[in-house]
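[1] Kindly generate the corresponding structure for this input.
(chains A and B)
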Amino acid sequence: MIQFISGQSFLDFIALICLTLGWYIQRGKKGGWAIAVLLAGATALIWVSAGKGGIDKLAIFIVLMSAVTLVCYALRWLLVRLVPLSLVPIFRSAPLTTMFGFLVIGACLLMIIFAPHIAPFSESEVVSTAYAPADATYWLGTDQLGRDMFSRIVFGGRHSILLSLTATVVAFFLGMFAGLFAAIRGGFVDQLFGRLADVFMSVPALILALLLLSILGTNLAVLVGVVAAIYVPRIFRLTRSVAAGVVVTDFVEASRVRGEGDWYLIRREILPNTAAPLIAEFGLEFCYVFLLIAGLSFLGLGIQPPMADWGSMVRENAVLISFGDITPLIPAMAIALLTVGVNFIVDWMLKLTAGLKDNS
Amino acid sequence: METGDKRLLEIRGLRIEAVAGDAVSEIVKGVDLNLNRGEVLGLIGESGAGKSTIGLAAMGFARAGTRISGGRIMFDGQDLRAATDAQLRALRGARIAYVAQSAAASFNPAHKIIDQHVEAPVLHGYQSRAAAQEDGIKLYAKLRLPEPDVIGFRYPHQLSGGQLQRAMTAMAMACRPDLIIFDEPTTALDVTTQVEVLSAIRDVVEQFRTAAIYITHDLAVVAQMADRIKVLLKGEEVEEAATEQMLAHPKESYTRKLWAVRSYERPEKSRVSDTSQPELSIRGLEAGYHHGPKVLHNVSFDLHRGMTVAVVGESGSGKSTTARVIMGLLPATSGEIRLRGEALPPSFRARSKDQLRRIQMIYQSADTALNPRMRVSEIIGRPAQFYANLKGAALRSRVEELLSLIELDPAKFYDRLPPELSGGQKQRIGIARALAADPDIVICDEVTSALDQIVAEGILRLLDRLQSEIGLTYMFVTHDLATVRAIADEVVVMQRGCVVDSGRKSEIFAPPHHPYTAQLLASEPKMDPHWLDAHKKIQGLSLERNEFS
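    Take a look at the predicted model:
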């Protein structure tokens, strides 16, 4: 017992107090006690099964989680004071997961903008022996050619995110305007666009991508074009169905009878009333596009070496997994983290759109 | 002791709060209510008066976002606020029933009427399924539903609105409750259907000696149904009295104002001369939706300058379709529309900008007629910008002028969004949008039917004032004869897509009537509490005559 309290395991108690405190603030007394009991149980269990080392890892994990929670709190506190007055209630009611999403996206943005300043080495420079373990110089170790893993994660993030963002934006603009136009015009235009979309959607996405990329080659412009083309029909369909509900309303009819053109109807009457679900969909599609590009890179058809990108980094280091090394999991975790972060924000936006309210 | 035995529901100092986030506002502020067995109490007031909230509280229920914060609700000696959920469940449906405003929205469209009917009696152990079904058929007959033996075995969408409302009443009756709460059961129905539903409801309520709370904003309706009337305003009681006394001698000024709404009537104007060219003339109009049957047959009438023509009829009579055909939204298949002698193309797409400008429309539901994401300044400003090419300061001053014209303060409303406006204010913005185009003819499609009576009267007065100031010509589509009486100069009566009667208002409202006009007029509830009995006698006679013919 004395040993438990003294030494490194003392960290556990700090962690426990941190987390319980955090829970107190967010959920009130009841949740705080529940989590404290749970934590004590987990500590005991790991103590028995994994010994002291396990406890230390648990402590590090808990301290990390508590720190993230606190940072999320601070971020919300800051945002509530920074945004215009009309948005304050929206941010005040935002869950912490949303703040986590903002945190992840903020970190990614910094990484994209300042990549050369953050990364200690260039993405293609061979700086050490292959598969060097992590140390003070090479924070995450090196890859199969001896390039710095951390630098490649930073540069890879830049390429992967920018590429998927471009593809999503292109897909969105094409799909959205085709959808709005089809909804307004109806009849022949609607049928034509609709059937075209059906044709595209009838071929499985990955097979279509492989087919087009092997015909057209794999430069970045083609990659963006192909990925965008795959996602246009989905966005077209969504926009069309959302807009179809708005097109039949009295205020659009009033505008039409006034003699307004299609462009005014789209811009002023329909788009503002369909924006919310479309923004939420943008977040979702971004994740899908990101995963598709990562998948294509994994198959060797996406971003080409020596350019770094998270998908191909998983593939290049895949052999290490059989040695119990976590190196290939780092880019995979980066992908997961970004996807989760974006989805947290999307969830929040969907909730705002649907007007759902928490009863808690 | 005797009064205690007769007393069914007793509410003392009821307080209900609406909770939105941290903001709490009181919507019912200490209301008392007594109801004896077999008695019908009418609750009336404008929207926001708390009528429905009180009605639900009588079942011990508070809507999501509201909570009962004070007072006592005693139902037959049981305190509903202290009752457990299980106790409340045992009461609801069995001893207290509820009939909602929209029966169409309250029935589950996926189940047959009778299956929904038997649910409560079977669950409460009141009857076996077979017995409940048999009883349901009897109730359907009592409520004068057509083909009572089979109607229950249909799905909700196969019944009309009035039939659904009666089926819903039958469902509420299934366990022979002590108390039924009727929440505006006839508001969504048109006059002739309303009469049928009202008399059916009153008969069963009387027959089973059921106590009822009847919630409505229509005075004439409550006069037929209630023994006593309670008037509410913003969550507080204004006054309560027996029906006849309340109608004859209202004490409070608010009640008198409510009563006076229906007496608003503008003197009839006559045409400048019968030979002058009409502003709009329609001849032999025929139209239908897609490939369906025709819904308009040979519709002809004229609109004369500076006058108001009211087009009346039940739902399905084609009155709104006529408005849409004139607007060019539904192109006529034959017939012609002439605007000051100049023929208009059937579709609005083929009309010139100037032709479009001269006919404007005001919609029934201001909620859907205004873009919720557009500021008032643009909603009103856009037509002025579009037709008159106004820009910058000229546009701004035009919008402000229009806002003053519709009696809204420009400084306050210029930058508002529609969700920040009340129903009456929205409708005024709808009027301003039509005026911004500087039209000759304004088509008003049921513009007051979604509004409370006092607000509606304000809108009618505004339209009337605008007509005399600007010289507008109105075509007024409505099913409400009180509105017709208030504002019309000439009347066109429509039935099943045909014009059956037309003429000056004084001619239409004075005998001899066309048979359909007579039926419409007879169906309109009067403020006299004995009107329904008298009406039923006449209807009964005509029914018998029909059976022999």
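[2] any weak-confidence spans in the chain?
    Reading this off chain A. A:1-33, A:35-36, A:50, A:52, A:353-360 (pLDDT under 70).
[3] my bad, the chain I had in mind was chain B
    B:1-5, B:21-22, B:262, B:271-275, B:537-549.
[4] where does the stretch 201-350 of chain B come near chain A, residue by residue?
    B:M327, B:G328, B:L329, B:F348 (C-beta under 8 Å from any C-beta of the partner chain). (Glycine included, C-beta is placed from N, CA and C.)
[5] what's the distance between stretch A:302-315 and the middle of its chain?
    18 Å (C-alpha atoms, centre = their mean, to the nearest Å).
[6] give me phi/psi at residue 323?
    Picked chain A for this. Note on A:F323: backbone dihedrals following degrees, to the nearest 10 are phi -100, psi 10.
[7] Next: the one 4 residues further on.
    Backbone torsions for A:T327, taken as degrees, to the nearest 10, come to phi -50, psi -50.
[8] Verify the contact between it and A:A130 for me.
    No: using C-beta atoms under 8 Å, A:T327 is not in contact with A:A130; the gap is 10.9 Å.
[9] which of the two has more neighbours?
    Neighbour totals were compared for A:T327 and A:A130, and A:T327 leads with 24 against 11 (other C-beta atoms under 10 Å in any protein chain shown).
[10] tally of neighbours for the residue of the stretch 151-300 of chain B found nearest chain A?
    Nearest residue of the stretch 151-300 of chain B to chain A (C-beta to the nearest C-beta) works out as B:H290 at 12.5 Å. B:H290 sits with 5 neighbouring residues when counted by other C-beta under 10 Å.
[11] That one looks like it's in a strand, true?
    No: counting by DSSP: H, G, I helix; E, B strand; the rest coil, B:H290 is located in no strand; its state is coil.
[12] Quick check: which element contains B:V492?
    strand B:490-495 (DSSP states H and E).
[13] what's in contact with that strand?
    B:299, B:301, B:304, B:307-314, B:317-319, B:322, B:484, B:499-505, B:508-509, B:514, B:516-517, B:520 (C-beta atoms under 8 Å, 6 or more residues apart in numbering or on different chains).
[14] go again using 7 Å as the cut-off
    B:301, B:307, B:309-313, B:317-319, B:484, B:499-505, B:508, B:514, B:516-517 (C-beta atoms under 7 Å, 6 or more residues apart in numbering or on different chains).
[15] Neighbouring strands of that strand in the sheet, and parallel or not?
    strand B:308-312 (parallel), strand B:498-504 (antiparallel) (DSSP bridges).
[16] Can you name the residues of the stretch 251-360 of chain A sitting close to chain B?
    A:F251, A:E253, A:A254, A:V257, A:R258, A:G259, A:R268, A:E269, A:P272, A:N273 (C-beta under 7 Å from any C-beta of the partner chain).
[17] nearest residue to the last one other than its sequence neighbours?
    Setting aside the residues directly before and after it, A:N273 is nearest to A:V246 in space (C-beta to C-beta, 6 or more residues apart in numbering or on different chains), at 4.8 Å.
[18] The one you found reaches A:S255, doesn't it?
    No: between A:V246 and A:S255 there is no contact under C-beta atoms under 7 Å: 11.2 Å.
[19] Right, I'll leave it there.
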